[in-house]
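Chemist: return a 3D structure for these sequence lines:
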Amino acid sequence: MPSPRLAAALVGAALAGAAVAQTPAPAAAPAPAAAPASTAPAAAEKECGKPDPHPGRIASNEKKRGWEKEVIAWQACMKKIIGELEAKADAAVKVANGAVADSNATIAAYNGIVKELQAQAEAAK
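Modeler: Below you'll find the model as predicted:
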């Protein structure tokens with residue numbers, strides 16, 4: 001005659017397997033189409049262009065103002081690109097957090113079933 005612990009373990013494994021088998025697989029979220037991190041600076045440089053070096057302190061005021069306008073335009077372009085990258089990163093973080101929450105819910109359900117079966121096994125003693 002098998003021991004009560006062995007019987008409880010077998011019943012628990014069977015029920016847990018059935019509970020997991022009945023749980024539908026979570027819908028796969030579409031992966032964000034993000035470029036690899038190594039290409040982001042190259043893409044930013046290609047799109048925004050790098051400003052010319054500072055003309056120097058003996059340059060004319062006209063050249064200095066032209067350079068300042070160029071730097072301001074470059075800065076605005078870089079802020080736009082950084083904002084887009086942050087939006088992609090935020091979306092990826094939300095997807096990851098959703099997956100973690102689903103996993104935690106599944107584990108909590110499993111733990112509830114195990115506690116219930118343990119209580120039943122203790123009551124059967």
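Chemist: C-alpha coordinates for stretch 64-76, PDB please?
Modeler: Only the C-alpha atoms of stretch 64-76 are listed here, as PDB (Å, rounded to 0.1, in the frame of the first residue of the first chain):
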ATOM      1  CA  LYS A  64      29.600  82.000 -34.500                       C
ATOM      2  CA  ARG A  65      25.900  82.600 -34.900                       C
ATOM      3  CA  GLY A  66      25.800  80.200 -37.800                       C
ATOM      4  CA  TRP A  67      27.500  77.600 -35.800                       C
ATOM      5  CA  GLU A  68      25.100  78.200 -32.800                       C
ATOM      6  CA  LYS A  69      22.100  77.700 -35.100                       C
ATOM      7  CA  GLU A  70      23.600  74.500 -36.500                       C
ATOM      8  CA  VAL A  71      24.200  73.200 -33.000                       C
ATOM      9  CA  ILE A  72      20.700  74.100 -31.900                       C
ATOM     10  CA  ALA A  73      19.200  72.300 -34.900                       C
ATOM     11  CA  TRP A  74      21.400  69.300 -34.200                       C
ATOM     12  CA  GLN A  75      20.400  69.300 -30.600                       C
ATOM     13  CA  ALA A  76      16.700  69.400 -31.500                       C
END
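Chemist: now it: average pLDDT?
Modeler: Taken as a whole, stretch 64-76 has an average pLDDT of 95.
Chemist: hmm, who's touching that stretch?
Modeler: Cys48, Gly49, Lys50, Pro51, Asp52, His54, Pro55, Ala59 (Cβ atoms under 8 Å, 6 or more residues apart in numbering). The way it works is simple: take the backbone N, C-alpha and C, and place the C-beta from them, glycine included.
Chemist: got those as JSON lines, with secondary structure, pLDDT and neighbour count columns?
Modeler: Compiled in JSON lines, these are given as follows (DSSP: H, G, I helix; E, B strand; the rest coil; pLDDT from 0 to 100; neighbours: other Cβ atoms under 10 Å):
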{"residue": "Cys48", "secondary structure": "helix", "pLDDT": "89", "neighbour count": "17"}
{"residue": "Gly49", "secondary structure": "coil", "pLDDT": "87", "neighbour count": "12"}
{"residue": "Lys50", "secondary structure": "coil", "pLDDT": "88", "neighbour count": "10"}
{"residue": "Pro51", "secondary structure": "coil", "pLDDT": "89", "neighbour count": "15"}
{"residue": "Asp52", "secondary structure": "coil", "pLDDT": "90", "neighbour count": "12"}
{"residue": "His54", "secondary structure": "coil", "pLDDT": "91", "neighbour count": "12"}
{"residue": "Pro55", "secondary structure": "coil", "pLDDT": "91", "neighbour count": "14"}
{"residue": "Ala59", "secondary structure": "coil", "pLDDT": "91", "neighbour count": "12"}
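Chemist: before I go, just wanted to say thanks for your time.
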